[in-house]
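J.: Let's see this in three dimensions:
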Amino acid sequence: MKIALASDHAGFGLKKGVFDYFDQKGIECKDFGCGPDERVDYVDYGEKAIQSVLSGVCDRAILICGTGLGMAMVANKFKGIRATPCWDEYVAEVCRSHNDSNCLTLGGRILPLDEALHYVDIWLETEYEAGRHQTRLDKIAIIEEKNFKP
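T.: Next up is the predicted model:
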């Protein structure tokens, strides 16, 4: 599995920690920015990472801004992306098992690195249950089809 990583300036420190963690664990990832000491708009970097998932270059994305909310809003504008902000163990598990999340968003200003890494591990290791949950994802896909304008 290859993970796309991106952040704005508020999420840079946490993104660096996640990148280093993946490097230590041998998890393949691609950093789409931003770099240190850059003041940027999260929209630009979130879009780059999401495009890599949509094109198949990466399998999932982790996007980090101050709260994780802005990155989630950007990512969820793309057809087929199910971005979920995460702040605890339960959310990390259920966003995968029930919602088949392919994009995790984290808050660099609200999560310490050790907690964030714990949630990332849960998100990476949890399998999608499908079953009754697939009906809901199918309904979301219908809404996307009706409202998607290329």
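J.: part of a helix, is residue 13?
T.: Yes - per DSSP: H, G, I helix; E, B strand; the rest coil, residue 13 lies within a helix segment.
J.: Roughly how far does it sit from residue 125?
T.: Separation of residue 13 from residue 125 (CB to CB, to the nearest Å): 24 Å. In this view, the C-beta of every residue, glycine as well, is placed from N, C-alpha and C.
J.: next one: residue 91
T.: Distance of residue 91 to residue 125, given as CB to CB: 15 Å.
J.: between these two, who's got more neighbours?
T.: For residue 91 versus residue 125, the count of surrounding residues by other CB atoms under 10 Å is larger for residue 91: 17 against 10.
J.: Now do the contacts for that one.
T.: 84, 85, 119 (CB atoms under 8 Å, 6 or more residues apart in numbering).
J.: tell me which of these is nearest to residue 68?
T.: residue 85 (4.1 Å; CB to CB).
J.: How many residues are close by that closest one?
T.: Neighbours around residue 85, by other CB under 10 Å: 23.
J.: was I right about it contacting residue 66?
T.: No - Residue 85 is beyond contact range of residue 66, at 11.5 Å (criterion: CB atoms under 8 Å).
J.: Give me the phi and psi angles of residue 103.
T.: Phi and psi for residue 103, reported as degrees, to the nearest 10, are phi -150, psi 120.
J.: In which helix or strand does residue 141 reside?
T.: helix 132-147 (DSSP states H and E).
J.: for residue 117, same thing?
T.: Using DSSP H and E, residue 117 maps to helix 113-125.
J.: and that helix, what other elements does it pack with?
T.: Of the remaining helices and strands, those touching helix 113-125 by 3 or more CB pairs under 8 Å, 6 or more residues apart in numbering; DSSP states H and E are helix 12-25, helix 89-97, strand 103-107.
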